[in-house]
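**Q** Only the shape, not the letters, is given here:
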């Protein structure tokens with residue numbers, strides 16, 4: 001690689017580090033681009049900030065065994081949507097069974113008002129369909145699902161479908177099919193044709209005209225929809241289709257178990273550990289160790305920036321994952337430097353020793369980091385709560401460490417070979 005390409009890569013790295021630093025600094029600027037307004041801060045978990053834990057019981061008695069898992073997934077998704085609207089990032093939602101009862105436990109970091117949380121999560125959208133005289137036709141319990149499709153026929157409840165136009169398809173359950181058939185048969189016979197009003201939490205979200213009796217259990221709402229509007233209506237209908245009834249059976253306010261003083265001590269311990277690692281690298285590897293320290297500082301900045309951007313909810317377990325990944329980042333540099341020493345001792349020129357050192361170390365670094373990433377992925381998708389946070393921070397750390405140890409360290413070393421400072425690399 002020629003010197004010009006090295007400088008270009010170094011410039012790109014400098015831009016990435018500069019942007020990451022702007023994001024990572026405490027009280028840094030939020031992202032404001034057009035309608036996008038994303039606050040940037042470190043989200044703390046229940047064990048660091050405290051919060052609210054709510055326990056619900058889901059009534060699955062009316063479901064067949066083959067629909068149990070589907071209903072549970074839908075219920076968790078509904079709760080997550082509610083929590084997102086509540087403004088809580090990365091909640092913990094756990095499901096399980098106690099005897100014949102299905103239990104859902106929800107943990108909300110940073111929430112202090114228990115009653116507000118109960119009100120927000122405990123009241124699911126109330127979906128109701130009314131005829132023109134105000135009589136209730138069907139409810140959300142009668143709706144199986146709603147989806148967006150693009151017009152291909154003239155079957156619908158509001159107006160004739162137009163080929164290629166976005167529209168919303170509603171499928172009703174068996175009981176809802178007959179109820180809706182009766183109501184639309186009556187409405188279609190009216191002159192002028194009547195409408196079916198659809199209310200969600202008391203607000204009208206659609207008022208389609210019934211063009212013909214709908215007896216097959218599938219109703220289409222069409223006419224002048226944008227794709228976004230059709231998706232929004234479909235989402236609202238699905239939110240109102242309550243999968244199973246739930247009731248709250250327990251509530252708890254959780255204090256920050258570490259407390260501000262304990263958190264401060266944990267951070268101090270972590271900083272001391274990092275400083276000791278840096279001191280070891282500097283004493284043992286001298287100038288290359290200084291480069292490794294620089295890469296480690298960049299590694300930390302990029303990690304913090306990613307935590308803010310995603311965002312990642314940091315718990316004590318998450319901090320452990322981050323600190324563990326720091327050790328792995330240093331381990332990669334140690335492998336590289338030891339390989340370089342071997343190449344230099346064999347009599348190779350410095351530039352070749354650097355190239356071959358990185359090449360020979362790469363297979364070991366790749367294999368060890370790949371196995372760690374596989375473990376982190378399994379933990380993330382196979383567990384919940386604190387373990388999931390540990391897996392996420394560990395995986396992010398491993399990926400970033402590959403960038404800092406392999407790319408940044410290598411580019412700096414190769415650039416130094418072209419200067420008078422190359423003599424320090426031998427030491």
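**A** Right, received. Where do you want to start? Because the structure is a prediction, the values reported are computed rather than measured.
**Q** where's the residue nearest to residue 146 when sequence neighbours are not counted relative to residue 176, distance?
**A** Setting aside the residues directly before and after it, residue 146 is nearest to residue 237 in space (C-beta to C-beta, 6 or more residues apart in numbering), at 3.7 Å. The way it works is simple: take the backbone N, C-alpha and C, and place the C-beta from them, glycine included. From residue 237 across to residue 176, the span is 12 Å (C-beta to C-beta, to the nearest Å).
**Q** shared neighbours of these two, anything?
**A** Residues touching both residue 237 and residue 176 by C-beta atoms under 8 Å, 6 or more residues apart in numbering: residue 143.
**Q** re the thing from before, okay but the residue nearest to residue 146 is in contact with residue 143, surely?
**A** Yes. Here residue 237 reaches residue 143: they are 6.4 Å apart, a contact under C-beta atoms under 8 Å.
**Q** got any residues that touch both of these two?
**A** Residues touching both residue 237 and residue 143 (C-beta under 8 Å, 6+ apart): 127, 170.
**Q** what are the ranges of the helices in the stretch 101-250 of the chain?
**A** Taking DSSP state H, counting those that start in this stretch, the helices of the stretch 101-250 of the chain run over residues 114-122, 174-189, 227-240.
**Q** Between those helices, which one is closest to residue 213.
**A** helix 174-189 (4.0 Å; C-beta to C-beta).
**Q** can you list contacts of that closest one?
**A** Contact with helix 174-189 is made by 129, 131-132, 137-138, 141-144, 157, 172, 193-196, 210-217, 219, as judged by C-beta under 8 Å, 6+ apart.
**Q** show me what contacts residue 322?
**A** Counting by C-beta under 8 Å, 6+ apart, residue 322 makes contact with 303, 393, 394, 397.
**Q** The second one and residue 47, how far apart?
**A** Taking C-beta to C-beta as the criterion, residue 393 is separated from residue 47 by 14 Å.
**Q** neighbour-wise, which of the two wins?
**A** The neighbour comparison of residue 393 against residue 47 (other C-beta atoms under 10 Å) goes to residue 393, with 26 against 23.
**Q** helix or strand for that one, which one?
**A** Remark: residue 393 resides in helix 386-402, with elements defined by DSSP states H and E.
**Q** Give me the helices and strands touching that helix, please.
**A** Other helices and strands packing on helix 386-402, by 3 or more C-beta pairs under 8 Å, 6 or more residues apart in numbering; DSSP states H and E, are helix 287-309, strand 313-314, helix 316-345, helix 350-382.
**Q** quick one: it to helix 350-382, angle?
**A** If you take axes from the mean of the first three to the mean of the last three C-alpha atoms, to 10 degrees, helix 386-402 sits at 160 degrees to helix 350-382.
**Q** buried set for helix 386-402?
**A** Across helix 386-402, burial judged by 16 or more other C-beta atoms under 10 Å covers 386, 388-402.
**Q** What of stretch 57-76?
**A** Judged by neighbour count using 16+ other C-beta under 10 Å, the buried positions of stretch 57-76 are 57, 58, 60, 63, 71, 72, 74, 75, 76.
**Q** Isn't the fifth one up against residue 244?
**A** Yes. Counting by C-beta under 8 Å, residue 71 touches residue 244, with 5.3 Å between them.
**Q** Overlap of the contact sets of these two?
**A** Residues touching both residue 71 and residue 244 (C-beta under 8 Å, 6+ apart): 60, 63.
**Q** for residue 318, what are its contacts?
**A** 45, 312, 386, 389, 390, 392, 393.
**Q** give me phi/psi at residue 25?
**A** Main-chain dihedrals, residue 25, degrees, to the nearest 10: phi -60, psi 140.
**Q** Show me the shaky parts of the stretch 301-427 of the chain.
**A** 384-385, 420-427 (pLDDT under 70).
**Q** Have a look at the buried residues of stretch 57-76 and tell me the least confident one.
**A** pLDDT across the buried residues of stretch 57-76 is lowest for residue 63, at 71.
**Q** If we ignore the residues flanking it in sequence, what's nearest that residue?
**A** Distances taken as C-beta to C-beta, 6+ apart place residue 71 nearest to residue 63, at 5.5 Å, with adjacent residues excluded.
**Q** same deal with residue 233?
**A** residue 168 (5.1 Å).
**Q** separation between that neighbour and residue 232?
**A** For residue 168, the distance to residue 232 - C-beta to C-beta - is 10 Å.
**Q** quick revisit: separate out the buried members of the contacts of helix 174-189.
**A** 129, 131-132, 137-138, 141-143, 157, 172, 194-196, 210-211, 213-214, 217, 219.
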